[in-house]
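Undergrad: sequence and predicted structure are below.
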Amino acid sequence: MVCDPCSGGIEVRNAVLLCLRIALAGLFFYAGTVKAGASQEFAIALLPFTFVPPEWTMPLALSLAWMEILAAILLLLPCAFSLGAVLVCALCFLFIGVLSWALWNGIIVSCGCFGGDDSPSAWKMLLAIGRDVVLLSAATTILALPRIGKNT
């Protein structure tokens with residue numbers, strides 16, 4: 001039974017966990033492949049962030065793309081999904097921090113999350129930060145859900 005109070009709703013918890021893992025994996029795989037396929041454009045999108053030396057932008061662009069793809073793969077592996085969720089959390093914290101720093105310093109850029117954006121704006125950056133907070137929440141839920149109710 002899905003809602004059996006004796007089992008603590010384990011079936012529901014597992015279904016939610018699987019759905020979150022698949023959704024995050026799909027999103028991060030897509031974002032990573034878009035960035036990897038257009039690494040030159042993504043590296044150019046990183047240039048306005050003045051704390052990144054220009055010679056580091058291409059390796060950073062490729063590293064971020066492949067870290068997103070790795071996180072997606074790990075999220076799909078039953079034995080490593082927690083590691084994938086931790087990587088997603090780290091990436092989301094990084095993205096939130098960098099976009100917030102840019103906004104704070106008046107640097108209006110395209111985040112480059114899902115490809116180029118011809119008309120970056122502060123509003124789009126705030127939406128990207130909000131999206132990253134939602135993704136961070138989903139990854140945190142993936143980490144927490146298997147532990148809920150284990151000590152009861």
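TA: Nice, I can see it.

Undergrad: packing partners for the longest helix anywhere in the chain?
TA: Ranked by residue count under DSSP state H, the longest helix found in the chain is helix 10-37. Packed against helix 10-37 by the contact rule (3 or more CB pairs under 8 Å, 6 or more residues apart in numbering; DSSP states H and E) you find helix 57-76, helix 81-104, helix 122-144. C-beta here means a position set from N, CA and C on the backbone, and glycine is covered the same way.

Undergrad: where does the protein have its least confident helix or strand?
TA: Using mean pLDDT, DSSP states H and E, the weakest-scoring helix or strand in the chain turns out to be helix 39-46, at a mean of 77.

Undergrad: name the helices or strands packed onto that helix?
TA: When contacts are defined as 3+ CB pairs under 8 Å, 6+ apart, helix 39-46 packs onto helix 57-76.

Undergrad: run through who's touching the helix it packs on.
TA: Contacts made with helix 57-76 from outside it, assessed by CB atoms under 8 Å, 6 or more residues apart in numbering, are listed as 21-22, 24-29, 31-33, 35-36, 39-40, 42-47, 52, 80-81, 83-85, 87-88, 91, 142.

Undergrad: pull out the buried positions in that helix.
TA: In terms of neighbour count (16 or more other CB atoms under 10 Å), helix 57-76 has its buried residues at 57, 60-61, 64-65, 67-72, 74-76.

Undergrad: ok and that helix relative to helix 39-46, angle-wise?
TA: Using axes from the mean of the first three to the mean of the last three CA atoms, to 10 degrees, the direction of helix 57-76 lies 110 degrees away from that of helix 39-46.

Undergrad: can you show me the CA trace of helix 57-76 as PDB?
TA: What follows is helix 57-76, C-alpha atoms only, in PDB (Å, rounded to 0.1, in the frame of the first residue of the first chain):
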ATOM      1  CA  THR A  57      37.500  31.100 -18.700                       C
ATOM      2  CA  MET A  58      37.700  28.200 -21.200                       C
ATOM      3  CA  PRO A  59      38.900  25.600 -18.700                       C
ATOM      4  CA  LEU A  60      36.300  26.800 -16.200                       C
ATOM      5  CA  ALA A  61      33.600  26.700 -18.800                       C
ATOM      6  CA  LEU A  62      34.500  23.100 -19.700                       C
ATOM      7  CA  SER A  63      34.800  22.100 -16.100                       C
ATOM      8  CA  LEU A  64      31.400  23.400 -15.100                       C
ATOM      9  CA  ALA A  65      29.800  21.700 -18.100                       C
ATOM     10  CA  TRP A  66      31.300  18.300 -17.300                       C
ATOM     11  CA  MET A  67      30.600  18.700 -13.600                       C
ATOM     12  CA  GLU A  68      26.900  19.200 -14.400                       C
ATOM     13  CA  ILE A  69      27.000  16.100 -16.600                       C
ATOM     14  CA  LEU A  70      28.700  14.100 -13.900                       C
ATOM     15  CA  ALA A  71      26.200  15.300 -11.300                       C
ATOM     16  CA  ALA A  72      23.400  14.100 -13.700                       C
ATOM     17  CA  ILE A  73      24.900  10.700 -14.100                       C
ATOM     18  CA  LEU A  74      25.500  10.300 -10.400                       C
ATOM     19  CA  LEU A  75      21.900  11.300  -9.600                       C
ATOM     20  CA  LEU A  76      20.800   8.300 -11.800                       C
END
